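Trainee: Pasted the sequence and its predicted model underneath.
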Amino acid sequence: MESKETEHKLWGGRFTHSTDPKLEALNESLHFDKRMYAEDIEGSKAFAQGLSRINLLTKEEMMQICDGLDKIQIEWDKNEFAIKNGDEDIHTANERRLKELIGEPATKLHVGRSRNDQVVTDMKLWLKKNLGVLQYEICELIRVVATRSLKEIEIIMPGYTHLQRAQPVRWSHYLLSHAWNLKNDCDRLENNLRLLDLLPLGSGALAGNPFNIDRLELAKSLQFADVTDNSMQAVGDRNFIADFLFWASMVGIHLSRLAEDLIIYSSKEFEFVTIDESYSTGSSLMPQKRNPDSLELIRCIGGSLFGQCCSFMMVLKSLPSTYNKDLQCDKESMFSTFDKLKSILQVATGTVKTLKVNEDKCKSALSYEMLATDVAYYLVRKGVAFRAAHHIAGQVVAEAEKKNVSINALTLEELKNISLHFEVDIGKVWNYENSIEQYRAIGGTAKVSVINQIRKLEAWLVNKEKLA
């Protein structure tokens, strides 16, 4: 005699004993996949309409199913859906409730469909709807950076390599370096969306659909660009999840690098920026402290995103073909990554928008040794080959260190002792603004180049708004 529990299962007919409670708890996924209730309903309605077109449902049955599913969605929307024992996932719960509402026609909905193609369809639908949320948050951060960059374009600061002072740059040029990383992330997301836009519904458990359901019409009704071409590949495919997790990891890394810079720049040793109190915390022991916790959490969570990516890649490794229960881990990774990335994007935007840049501190951190490359360029303009000019500039730095003075304090006579190419116009080199303004080529830190960067980003943002 079949137990009531196994009778309730979508797969219960073959079983005569109930599932062990420990496995039941481990197997249940409704606590996280209920988040896809709207997508599950949307896919089921489209499938019901597809069955009606091939006369496996009457028009009346199809309408009963769709009306019932609409009522279920209202229950979920209002947080009134009653979850019962045996609702192991969103598909089981919705189908059980549909049968309660409309009776026998509900049992016809699943013909030719498996949870294998149903769940991957739900996940793709969910991502297609929600990736735009992350894209919007990235664009907001880029917009904040572009606005600040234009407003604060006159601020000059040291640029660093190896965390050592390298060359003077505009503060705006530094900020924009992070905006371009984020813009590239958005471009990569567009490619992910194209790969995502293939409908797996109609693949069945693995062999396909035996009733010749019109998959192209299904794709059209669910707003997919096309359908998958191999049913075995489709039900086991989670490449789109791996793509999303890796993409999110890269965004997290870019946010982490921005956070690391600002943590360093906000320290008393630098004081280039001050993090607003609304994005800082204090110490329970040391009253003077203002800790950049917002940035530290971005740095931490940004790293944890890659952990999600790694763990899911290990799930995929060595899986046999088609669907395996291991893939149940996909939704937790997808939802957790989405939520974490959204949160740190919003905090990053708020932090960057409200921070104060301390122009005087940035300026006072400049040193004339940072113009050593300009000395080499001065000599190049005098006709000296660059390698020789670089060597001479190095000798100038060494002579200044030997005399314990700044390189601009060396006399013309002392410079001529190093190279006869030095003339009185070497004095023009000792000017940070002049140094910056020579980098006028596309991508440089000169004012005209920085403004060009800002305008390009602004135009790109406007185009994004039009496409949204």
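Mentor: Looks like it arrived, so ask away.

Trainee: Which stretches in the chain count as strands?
Mentor: For the chain, strands defined by DSSP state E occupy the ranges 156-161, 164-170, 198-199, 226-227, 273-274, 356-357.

Trainee: Determine which stretch of these is the most buried.
Mentor: Of those, the one with the most neighbours on average (mean count of other C-beta atoms under 10 Å) is strand 198-199, at a mean of 22. C-betas here are computed from N, CA, C, even on glycine.

Trainee: That one: partners in the sheet, and parallel or antiparallel?
Mentor: strand 226-227 (parallel) (DSSP bridges).

Trainee: Show the average pLDDT along the partner strand.
Mentor: Averaging pLDDT along strand 226-227 yields 98.

Trainee: Tell me if I'm right that E88 and H31 touch.
Mentor: No: judged on C-beta atoms under 8 Å, E88 makes no contact with H31 at a distance of 10.4 Å.

Trainee: Looking at the two, which one has more neighbours?
Mentor: E88 (20 against 10; other C-beta atoms under 10 Å).

Trainee: count of residues packed around L366?
Mentor: Based on other C-beta under 10 Å, the number of other residues close to L366 is 17.

Trainee: List phi and psi for it.
Mentor: phi -70, psi 150 (degrees, to the nearest 10).

Trainee: What of A446?
Mentor: The phi and psi values for A446, taken as degrees, to the nearest 10, are phi -60, psi 150.

Trainee: which non-adjacent residue is nearest it?
Mentor: Using C-beta to C-beta, 6 or more residues apart in numbering and skipping the chain neighbours, the partner closest in space to A446 is R440 (4.2 Å).

Trainee: Would you list the phi and psi of the one you found?
Mentor: When quoted as degrees, to the nearest 10, the phi and psi of R440 stand at phi -90, psi -10.

Trainee: Need the per-residue pLDDT for it.
Mentor: Looking at R440, its pLDDT stands at 96.

Trainee: check contacts around I418.
Mentor: Applying C-beta atoms under 8 Å, 6 or more residues apart in numbering, one finds that I418 lies in contact with 392, 395-396, 399.

Trainee: Kindly recompute the last result at 6 Å.
Mentor: Neighbouring residues of I418 by C-beta atoms under 6 Å, 6 or more residues apart in numbering: 395-396.

Trainee: go on, I454?
Mentor: By C-beta under 6 Å, 6+ apart, the contact list for I454 reads 146, 149-150.

Trainee: List only buried entries from these.
Mentor: 146, 149 (16 or more other C-beta atoms under 10 Å).

Trainee: and which of the contacts of I454 is nearest S304?
Mentor: Comparing these against S304 with C-beta to C-beta places A146 closest, at 28.5 Å.

Trainee: Surely that closest one touches L457?
Mentor: Yes: A146 sits in contact with L457 when judged by C-beta atoms under 6 Å, with a separation of 4.8 Å.

Trainee: how far away is Q167 from L245?
Mentor: The spacing between Q167 and L245, counted by C-beta to C-beta, to the nearest Å, is 37 Å.

Trainee: What's the biggest helix in the chain, counting residues?
Mentor: Determined from DSSP state H, the single longest helix within the chain is helix 115-151.

Trainee: And that helix, what does it pack against?
Mentor: helix 37-53, helix 171-196, helix 329-354, helix 447-467 (3 or more C-beta pairs under 6 Å, 6 or more residues apart in numbering; DSSP states H and E).

Trainee: how about TSV for those helices, with mean pLDDT added?
Mentor: Formatted as TSV, those follow (pLDDT from 0 to 100):
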stretch	mean pLDDT
helix 37-53	98
helix 171-196	96
helix 329-354	97
helix 447-467	95
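
Trainee: L216: which of those is closest?
Mentor: Of all these, it is helix 37-53 that lies closest to L216, at 10.4 Å by C-beta to C-beta.

Trainee: any idea of the angle the closest one forms with helix 115-151?
Mentor: Here the directions of helix 37-53 and helix 115-151 differ by 130 degrees (axes from the mean of the first three to the mean of the last three C-alpha atoms, to 10 degrees).

Trainee: what residue ranges in the chain score low on pLDDT?
Mentor: Applying pLDDT under 70 to the chain picks out residues 1-17, 19, 23, 27.

Trainee: please redo it, this time with the cut-off set to 50
Mentor: Along the chain, the model assigns pLDDT under 50 to residues 1-7, 11.

Trainee: Now do the contacts for the residue lying farthest from the centre of the chain.
Mentor: Most distant residue from the mean C-alpha position of the chain: E413, 56.7 Å away (C-alpha atoms, centre = their mean). Shown in contact with E413 (C-beta under 6 Å, 6+ apart): no residues.

Trainee: can you offset everything so residue one is 37?
Mentor: Got it, first residue is 37 now, which makes that one E449.

Trainee: For it, give its distance to F458.
Mentor: Separation of E449 from F458 (C-beta to C-beta): 9 Å.

Trainee: what's the answer for G430, then?
Mentor: Distance of G430 to F458, given as C-beta to C-beta: 14 Å.

Trainee: neighbour-wise, which of the two wins?
Mentor: Taking neighbours as other C-beta under 10 Å, G430 and F458 compare with F458 leading, 22 against 14.

Trainee: Near the residue nearest to the more buried one when sequence neighbours are not counted, how many other residues are there?
Mentor: Closest residue to F458 apart from its sequence neighbours, by C-beta to C-beta, 6+ apart: L451 at 4.0 Å. L451 has 20 neighbours, counted by other C-beta under 10 Å.

Trainee: My read is that L451 contacts V460, right?
Mentor: No: between L451 and V460 there is no contact under C-beta under 6 Å: 10.2 Å.

Trainee: got any residues that touch both of these two?
Mentor: Joint contacts of L451 and V460 (C-beta under 6 Å, 6+ apart) do not exist.

Trainee: quick one, what contacts D262?
Mentor: Here D262 is in contact with L234 (criterion: C-beta under 6 Å, 6+ apart).

Trainee: What's opposite it in the beta bridge?
Mentor: L234.

Trainee: and it, how far is that from S357?
Mentor: Going from D262 to S357 by C-beta to C-beta gives 22 Å.

Trainee: Next: A436.
Mentor: Counting by C-beta to C-beta, the gap from A436 to S357 is 68 Å.

Trainee: Compare those two and say which is more crowded by neighbours.
Mentor: A436 (19 against 10).

Trainee: mind checking how far the more buried one is from S403?
Mentor: Between A436 and S403 the distance is 11 Å, computed by C-beta to C-beta.

Trainee: For E75, find the nearest of the strands of the chain.
Mentor: Closest to E75 of the strands of the chain is strand 234-235 (C-beta to C-beta; 12.4 Å).
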